[in-house]
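Undergrad: Provided below for reference: sequence and predicted model.
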Amino acid sequence: MDEIGFWAGDPEGRLHGSAPLGWSILPSLATVPRRMIVAMSQTTVEAEGQPVLLMLVDISGYTRFMVSHDKELRHSSMIVGALLESLLDQVDVPLRVSRIEGDALFLYAVKSTDEEVWRRQSADLVERLLALFDVFAERLVEVGAYSVCKCDACAEVGDLKLKIIAHSGEALLTSVGEYPTLSGVDVITVHRLAKNSVPENEYVLMTEAAYRDLPLPEGAVVREGSEEYDTGTFKTYTYLPQVEVDLDEETIRERFSNDNAAVQILRNEISREYTDVATEPDRGYHFNTGRAALAMNGYEKEWIEGIPDTVIASFSGMGNPLAMEMPAVGEHVVDIGSGAGVDSIIAARAVGSAGRVIGVDMTEPMLEKANAAMTELGLEQLEYRHGYMESLPIPDGWADLVISNGVVNLSPTKDRVFDEIFRVLRPGGRLQIADITVEKEIPEGAKHDIDLWTN
């Protein structure tokens, strides 16, 4: 049998798939009735369109922000991902997520048939939607506070803005994967509204139907307008929110977060560098590696005897923290930034089976190499954990000794690192660090050059 292709329910409500010739295909989107028929091949499923409030929460400036350079593309993706995560955290019933669309969240709320219930829900929706602007702006400030990169993506993060587009109508809801899928003319319309004539880059744009459903704060000033698309001409109302963020650098650092996009960007670049050290140790780096670095830093031959060559090849420490004092038998030791595992293996041998050593690192290839060596050597008192020095995965007061070799200098918030070190040390515990030191203040420009942090 000959077929004609269509499928109902793609993100913009277009018809795709296949059906036998002679079936009556809806001639135009404008004629889609309240009761829709979804047909796939020769299976027909009947479903009822539901009254919904539809919203696009969109990041303005995203297209220009996603620049083409490899590093900038990585950084812009991480920043936008973190911003969307912060917005997702604010989504709660009756508002739900339909899907994530690159730089935007497609949200919806099924309207209650009880007018009083919907009145209360819509008032709450307005409050939470407007709060998104403050949350977004606050996250931008947080990202900027820890940024050490001058690439276009990181330098221009403050130019990003938020816009919310709202339209009320009907949609067919079907479940596909994690999120429900919405289809219909009104779904198309809210997406068409993303391309509008509003000159500002931060606003709430509502169709007349959405304006009736979203009671703005008393005294709110709106600007009337209209937008014309293939789905119709729509009277619109534009509201410019007053965004307020009261944050300073000290407050931001007190509430340090591993989720901060700028922190993630720095860690990502550092991890990329040390992934190369783990996988290509002989390539040549701006710091010494392998046996040459061990000899230069005064490691005794008997200390490294029997350690696999693969581990030794990826050693990249800046000094020798164990030269200060060897761990005693039975002690608990934490190795921050344990890398391929040279220092933690030496420490594990020193503490013996009665002791315990935990190495913490954020670079997976280094952890894989260290774990392979630990298994090969049969060091049951040694364990490696994925983690960060600003939030060590270690209980309070667990360690007799904390060691670190050329790692603390890589943190953008060293006060936080030492807070963590003293948290995990028992009273009277010891700290032995080998790292880079300077005799004069580092220029601000150098602090904000990510290449100097990682190369």
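TA: Yep, that arrived.

Undergrad: in what helix or strand does the closest residue to V424 other than its chain neighbours lie?
TA: Among residues not flanking V424 along the chain, I394 sits closest, at 4.3 Å (C-beta to C-beta, 6 or more residues apart in numbering). Where you see a C-beta, it was placed from the backbone N, CA and C, and this is true even at glycine. Following DSSP states H and E, one finds I394 outside all helices and strands.

Undergrad: max-length strand in the protein?
TA: Using DSSP state E to define each element, the chain has its longest strand at strand 161-176.

Undergrad: against which helices or strands is it packed?
TA: For strand 161-176, the packing partners by 3 or more C-beta pairs under 8 Å, 6 or more residues apart in numbering; DSSP states H and E come out as strand 35-40, strand 43-48, strand 50-60, helix 115-146, strand 179-183, helix 185-192, strand 203-207, helix 208-213.

Undergrad: winner for burial among the ones you listed?
TA: Highest mean neighbour count of those: strand 203-207, a mean of 26 (counted as mean count of other C-beta atoms under 10 Å).

Undergrad: kindly export it (C-alpha atoms) in PDB.
TA: Taking C-alpha atoms only, strand 203-207 is exported to PDB below (Å, rounded to 0.1, in the frame of the first residue of the first chain):
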ATOM      1  CA  TYR A 203      12.100  40.800  29.700                       C
ATOM      2  CA  VAL A 204       8.900  38.900  30.100                       C
ATOM      3  CA  LEU A 205       6.800  38.700  26.900                       C
ATOM      4  CA  MET A 206       3.200  37.500  27.300                       C
ATOM      5  CA  THR A 207       0.500  36.900  24.800                       C
END
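
Undergrad: what's the average pLDDT for it?
TA: Per-residue pLDDT over strand 203-207 has a mean of 97.

Undergrad: what's that strand in contact with?
TA: Outside strand 203-207, the residues that touch it by C-beta atoms under 8 Å, 6 or more residues apart in numbering are 129-130, 163-168, 189, 193, 196, 198, 214, 234-241.

Undergrad: again with stretch 413-426
TA: Looking at what lies outside stretch 413-426 - C-beta under 8 Å, 6+ apart - the contacts are 146, 253, 256, 334, 336, 389-392, 394-400, 402, 408, 411, 431.

Undergrad: report the buried members of those residues.
TA: Buried by 16 or more other C-beta atoms under 10 Å: 146, 256, 334, 336, 389-390, 392, 394, 398-400, 402, 408, 411, 431, out of those.

Undergrad: how close does the residue most central in space within the chain get to E254?
TA: Geometric centre of the chain, nearest residue: A82, 3.7 Å, by C-alpha atoms, centre = their mean. With distances taken as C-beta to C-beta, to the nearest Å, A82 is found 19 Å from E254.

Undergrad: and I358, how many neighbours?
TA: Neighbour count of I358, defined by other C-beta atoms under 10 Å: 25.

Undergrad: now the helix or strand hosting it: average pLDDT?
TA: Using DSSP H and E, the element containing I358 is strand 356-361. Mean per-residue pLDDT for strand 356-361: 98.

Undergrad: coming back round to it: just checking, the residue nearest to the centre of the chain touches E142?
TA: No: the pair A82 / E142 is not scored as a contact, 9.1 Å apart, by C-beta atoms under 8 Å.

Undergrad: let me see the ranges of the helices in the stretch 201-350 of the chain.
TA: For the stretch 201-350 of the chain, the helices defined by DSSP state H, counting those that start in this stretch cover 208-213, 249-254, 261-279, 290-296, 301-304, 309-313, 342-351.

Undergrad: return the most buried member of the ones you listed.
TA: Most buried among the helices of the stretch 201-350 of the chain, counting by mean count of other C-beta under 10 Å: helix 342-351, with a mean of 25.

Undergrad: so which elements touch it?
TA: Helix 342-351 packs on helix 301-304, helix 309-313, strand 332-336, strand 356-361, helix 364-377, strand 382-386, strand 399-405, going by 3+ C-beta pairs under 8 Å, 6+ apart.

Undergrad: below-threshold pLDDT in the stretch 151-300 of the chain: ranges please.
TA: Under the criterion pLDDT under 70, the flagged ranges of the stretch 151-300 of the chain are 176-179, 249.

Undergrad: before we move on, back to that, export the helices and strands packed on strand 161-176 as CSV, with columns for distance to V360.
TA: Below are those laid out as CSV (distance: least, C-beta to C-beta, whole Å):
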stretch, distance to V360
strand 35-40, 51
strand 43-48, 52
strand 50-60, 34
helix 115-146, 21
strand 179-183, 36
helix 185-192, 46
strand 203-207, 45
helix 208-213, 50
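
Undergrad: which among those is found nearest to I358?
TA: helix 115-146 (26.7 Å; C-beta to C-beta).

Undergrad: which other helices and strands does that closest one contact?
TA: So helix 115-146, by 3+ C-beta pairs under 8 Å, 6+ apart, packs with strand 50-60, helix 70-88, strand 161-176, helix 249-254, helix 261-279.

Undergrad: now do the shortest one: everything it contacts.
TA: Yep, that's helix 249-254 we're talking about. 141-142, 145-146, 413, 415-416.

Undergrad: max pairwise distance over these: which two?
TA: Farthest pair in the contacts of helix 249-254, by C-beta to C-beta: V141 and D415, 19.5 Å.

Undergrad: domains of the protein?
TA: 3-48, 50-253, 256-454 (automatic domain parsing).

Undergrad: tell me where the model's unsure across the stretch 351-455 of the chain.
TA: In the stretch 351-455 of the chain (pLDDT under 70), the answer is 445-455.

Undergrad: quick one on the thing from earlier: closest one to E72 among the helices of the stretch 201-350 of the chain?
TA: So among the helices of the stretch 201-350 of the chain, helix 261-279 is nearest, using C-beta to C-beta, at 10.6 Å.

Undergrad: which strands or helices does the closest one pack on?
TA: Helix 261-279 packs on helix 70-88, helix 115-146, helix 364-377, helix 450-454, going by 3+ C-beta pairs under 8 Å, 6+ apart.

Undergrad: which one of the ones you listed lies nearest to D103?
TA: Per C-beta to C-beta, nearest to D103 of the helices and strands packed on helix 261-279: helix 70-88, 6.0 Å.

Undergrad: contacts for the closest one, please.
TA: With C-beta under 8 Å, 6+ apart as the criterion, helix 70-88 contacts 57, 59, 62, 65-67, 97, 100, 103, 105, 132, 135-136, 139-140, 143, 149, 151-154, 157, 160, 259-262, 264-265, 268-269.

Undergrad: picking up where we left off before, just give me the closest of the buried ones among the contacts of stretch 413-426 to L294.
TA: I336 (18.9 Å).

Undergrad: how close does the closest residue to that closest one other than its chain neighbours sit to S226?
TA: In space, and not counting its chain neighbours, I336 is closest to S404: 4.0 Å by C-beta to C-beta, 6+ apart. According to C-beta to C-beta, S404 stands 63 Å off from S226.

Undergrad: still on that earlier bit, so what's the residue nearest to I336 bridging to?
TA: I336, I433 (DSSP bridges).
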